[in-house]
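Asker: Fold the following.
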Amino acid sequence: MTRVVVTGATSGIGAATVRSYREAGHDVLAVARRKDRLAALAEETGAQVFAADVRDDTLSEKVADFEPSILVNNAGVGHGIDGLVGAAPHIIQEAIDINVSSLVKLTAATLPGMIKRRTGHIVNIGSIAGLHTAVSSLYGASKAAVHIFSQNLRNELVGTGLRVTEVCPGRVASGFYDAAKGDRERLDAMNTTGIRELDPKDIAAAILFATDAPAHVNVATLEILPTDQAIGGVKMKASDGTT
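Answerer: Predicted structure coming up:
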């Protein structure tokens, strides 16, 4: 039975991923902050659970002791996705700590055991905002860090038998914008699209696709968008606001 750790496990992509791995018969450790939701998820799926903030360094020891073959670094926040203007210093720091630092620390904690066992898969949930220009300098920078971290880690691990996958979703129907910290009016405006967004189950299916691939196949980077979403284009506006 494969052992899987999923962070940010009680909502959205994380919860869908826990359900998918449990349905596939794997042993799952679901990590999140909210104890009530973790308890409900454990009752529903049979997953093991651990209540912790991913910024807590004691989590690294817990995850390493579980000896996972797959680590899904899903925990993240959307702070600053509405723009940098008005972002308080503690919000900026929280975005970097959760989206970048915690992900790197948890990965570092699992690697020695994976390398010793010569099997392991790191799955990092990035974003299209980390790959393409948007209006989200803070959030985009944090996810761009996830991208280059994934690319370089894959290079570091060549010859160990370990694999690294980065999954970069576009719009997903979840509580992402509700939980993000920033200008609430701007966030609420961004939260309304009128399109059919991705379901968290779509991303969970992509994660399982990558980790279920034969051992000699590394699905490196997955960019997943709703059919009604495309990225790119040129934006021009005069500084006096006339065009």
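Asker: Please count neighbours and contacts with C-alpha atoms only from this point.
Answerer: OK.
Asker: Skip the chain neighbours and tell me the closest residue to Asn99.
Answerer: Nearest residue to Asn99, sequence neighbours excluded (Cα to Cα, 6 or more residues apart in numbering): Gly76, at 4.9 Å.
Asker: Show the pLDDT at Ser69.
Answerer: The per-residue pLDDT reported for Ser69 equals 97.
Asker: Can you give me every residue that contacts the closest residue to it other than its chain neighbours?
Answerer: Leaving aside its sequence neighbours, Ser69 sits nearest to Gly120 (Cα to Cα, 6+ apart; 4.5 Å). By Cα atoms under 8 Å, 6 or more residues apart in numbering, the contact set of Gly120 is 68-70, 114, 161-163.
Asker: Just the helices from the protein, written as ranges.
Answerer: Taking DSSP state H, the helices of the chain run over residues 12-23, 35-45, 58-66, 89-96, 102-117, 137-156, 176-179, 184-190, 200-212.
Asker: what does the longest one contact?
Answerer: When you say that, I think you mean helix 137-156. Contacts of helix 137-156 (Cα under 8 Å, 6+ apart): 78-81, 83-84, 92, 95-96, 99-100, 124-127, 129-131, 133-134, 163-166.
Asker: Quick one: list the elements packing against the longest strand seen in the chain.
Answerer: Longest strand of the chain, by residue count under DSSP state E: strand 162-169. Under the contact criterion of 3 or more Cα pairs under 8 Å, 6 or more residues apart in numbering; DSSP states H and E, strand 162-169 touches strand 120-125, helix 137-156, helix 200-212, strand 221-224.
Asker: what sits against Leu157?
Answerer: Here Leu157 is in contact with Arg163 (Cα under 8 Å, 6+ apart).
Asker: Can you pull out the low-pLDDT segments for the protein?
Answerer: For the chain, applying pLDDT under 70 flags the ranges 177-179, 181-183, 185, 187-190, 241-243.
Asker: The closest residue to Ile13 other than its chain neighbours: neighbouring residues, count only.
Answerer: Spatially, and ignoring its direct neighbours in sequence, Ile13 is nearest to Pro200 (4.6 Å; Cα to Cα, 6+ apart). Counted by other Cα atoms under 10 Å, the residues lying close to Pro200 total 20.
Asker: And Ala141, by the same measure?
Answerer: By other Cα under 10 Å, 18 other residues sit near Ala141.
Asker: So it versus Ala210, what's the distance?
Answerer: Using Cα to Cα, to the nearest Å, Ala141 is found at 25 Å from Ala210.
Asker: coming back round to it: residues in contact with the longest strand of the chain?
Answerer: With Cα under 8 Å, 6+ apart, strand 162-169 has contacts from 114-115, 118-128, 130, 147, 150, 153-154, 157, 203, 206-207, 210, 218-225.
Asker: rerun at 7 Å
Answerer: The contact list for strand 162-169, computed with Cα atoms under 7 Å, 6 or more residues apart in numbering, reads 118-128, 150, 154, 218-225.
Asker: Buried subset of these as a ChimeraX selection?
Answerer: Here is the ChimeraX selection string for the buried members of the contacts of strand 162-169, based on 16 or more other Cα atoms under 10 Å:
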select :119,120,121,122,123,124,125,126,127,128,150,154,218,219,221,222,224,225
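Asker: Identify the residue nearest Ala15 in space, chain neighbours excluded?
Answerer: Ala15 sits nearest to Ala9 (Cα to Cα, 6+ apart), 4.7 Å away.
Asker: just checking, the one you found touches Arg33?
Answerer: No: here Ala9 does not reach Arg33: they are 8.9 Å apart, not a contact under Cα atoms under 7 Å.
Asker: So for the two, which sits in the more crowded spot?
Answerer: Ala9 (30 against 16).
Asker: Tell me how far that one lies from Ala180.
Answerer: Computed as Cα to Cα, the Ala9 to Ala180 distance reads 17 Å.
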